[in-house]
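# coords please:
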Amino acid sequence: MARHDERAALALGRPPQTSVLLGGEPSEHSPKSRQPQRHSPAQGAPRWRSKTTGETAQAAALAMSSRAPTLRQRVLAIIGEGPAIPETILARLRADGVRTVLTSVRPRCSELVRMGLIRDSGRREKGEGGCNAIVWRLATHEEQQRFDHEREAEKGAGL
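Prediction:
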């Protein structure tokens, strides 16, 4: 299974044939290597820095961990129907009866970007409070392949 197919399977709630590591491992000399970290939500576990995050944030992360994959696949499906800003995605989710908030939608978009499944369209639309928001679109097959190649090059270079 190609890496972009693995990411898509994961985003859609299907188990991939191999695990996908997002962001790579910090080097032993990195400041991050000395901080206990959780795995990415895309790997099924909430993430936080255990020494710097309060108990309420940790509880919220744990509560979201079971819903994040489902919400992520719904966000991906909505963007698959056409480019959208998070506010538009939220409105579509609510119209479908999903109870969620904007602060849950934006992280799902970030996860999908890190997985190489969606991209910035280059367009902006007015979002909440009149601020410009990124219009997200699905990544093309070629962009997903380029993403995979760049990730492999980063791993090979030890970045």
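# just the helices in this structure please.
Listed from the start of the chain, the chain has helices (DSSP state H) covering 3-11, 55-65, 68-81, 86-95, 102-114, 141-157.
# Which of these sits closest to Asp120?
Distances from Asp120 to each of the helices of the chain were compared using Cβ to Cβ; the shortest belongs to helix 102-114, at 7.9 Å. The C-beta positions use only the backbone N, C-alpha and C, and glycine is treated the same way.
# Pull out the buried positions in the closest one.
Judged by neighbour count using 16 or more other Cβ atoms under 10 Å, the buried positions of helix 102-114 are Ser104, Val105, Arg106, Pro107, Arg108, Cys109, Glu111, Leu112, Val113, Arg114.
# where are the low-confidence patches of this structure?
In the predicted model, the chain carries pLDDT under 70 at residues 1-53, 64-68, 159.
# Apply 90 and report the result again.
Applying pLDDT under 90 to the predicted model, the residue ranges of the chain that meet it are 1-70, 128-129, 151, 154-159.
# got the contact list for Arg124?
Neighbouring residues of Arg124 by Cβ atoms under 8 Å, 6 or more residues apart in numbering: Asn132, Ala133, Ile134, Val135.
# Buried among those? Make that a PyMOL selection.
The following PyMOL line selects those of the contacts of Arg124 that are buried, judged by 16+ other Cβ under 10 Å:
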select buried, resi 133+134+135
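# For Ala91, give its distance to Leu71.
In this structure, Ala91 lies at 15 Å from Leu71, with Cβ to Cβ, to the nearest Å as the measure.
# Ok, Arg137 next?
For Arg137, the distance to Leu71 - Cβ to Cβ - is 19 Å.
# And for Thr100?
Using Cβ to Cβ, which is the criterion applied here, Thr100 is 6 Å from Leu71.
# between these two, which one's more packed in?
Leu71 (20 against 17; other Cβ atoms under 10 Å).
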